[in-house]
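Q: sequence? don't have it. structure:
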């Protein structure tokens, strides 16, 4: 199966699929609006994603948007796509960190000077420890839920 980014269409087929003249595709390539892949011989090859982008350029042009405006819109759409991808990655990393943090069962105690010291879950500060269990905290909110 061919994915949407595989360059398979020659310029004549791409022009037909996009409903444009091949010369228009060449102009868009020169302007950097839709830049297809190139073969070793220099021939243009368009992907399905390129065809969609050509159709979008055509629709924006029909609405009266200038070519400079179209380029700006397309650039912003690419930025939004990249940011959405990065957001999904960060959310996945955050979820992994939350899951890992919940496995640790961390508990902390504050000593009389206000310093926070880590304790193992289920342990109290010992008699030799300068800590006094003035406050206990566990990420899940123990013992009051979570």
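A: Nice, thanks for sending it over. Quick caveat: nothing in here was measured; it's all calculated off a predicted structure.
Q: who are the neighbours in contact with residue 39?
A: Each residue near residue 39 by Cβ atoms under 8 Å, 6 or more residues apart in numbering is listed here: residue 45. (Each C-beta comes from the backbone N, C-alpha and C, glycine too.)
Q: same thing with residue 43?
A: Contacts for residue 43 (Cβ under 8 Å, 6+ apart) come out as 10, 11.
Q: SS state for the residue nearest the centre of the chain?
A: In the chain, the C-alpha closest to the average C-alpha coordinate belongs to residue 85, at a distance of 1.5 Å (Cα atoms, centre = their mean). When classified by DSSP: H, G, I helix; E, B strand; the rest coil, residue 85 comes out as helix.
Q: quick check, residue 54 in contact with residue 28.
A: Yes: taking contacts as Cβ atoms under 8 Å, residue 54 lies within contact range of residue 28: 7.0 Å.
Q: pull up the overlap in contacts between these two.
A: Overlap of the contact sets of residue 54 and residue 28 (by Cβ under 8 Å, 6+ apart) consists of residue 34.
Q: what ranges in this structure fall below the confidence cut-off?
A: 101-106, 120-146 (pLDDT under 70).
Q: quick one, domains of it?
A: Segmentation of the chain into domains, based on automatic domain parsing, reads 11-78, 105-137.
Q: redo those domains as CSV? Include distance to residue 92.
A: Output for the domains of the chain, formatted as CSV (distance: least, Cβ to Cβ, whole Å):
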stretch, distance to residue 92
domain 11-78, 22
domain 105-137, 23
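Q: which of these is buried the deepest?
A: The highest mean neighbour count among the domains of the chain, using mean count of other Cβ atoms under 10 Å, belongs to domain 11-78: a mean of 15.
Q: end-to-end on it?
A: Across its full length, domain 11-78 reaches 23 Å end to end, with Cα to Cα, to the nearest Å as the criterion.
Q: one more: stretch 57-72?
A: The first residue of stretch 57-72 is 11 Å away from its last residue (Cα to Cα).
Q: off-centre distance for that stretch?
A: Relative to the mean C-alpha coordinate of its chain, stretch 57-72 is positioned 26 Å out (Cα atoms, centre = their mean, to the nearest Å).
Q: stretch 42-51 now?
A: Mean C-alpha position of stretch 42-51 versus that of the full chain (Cα atoms, centre = their mean) differs by 25 Å.
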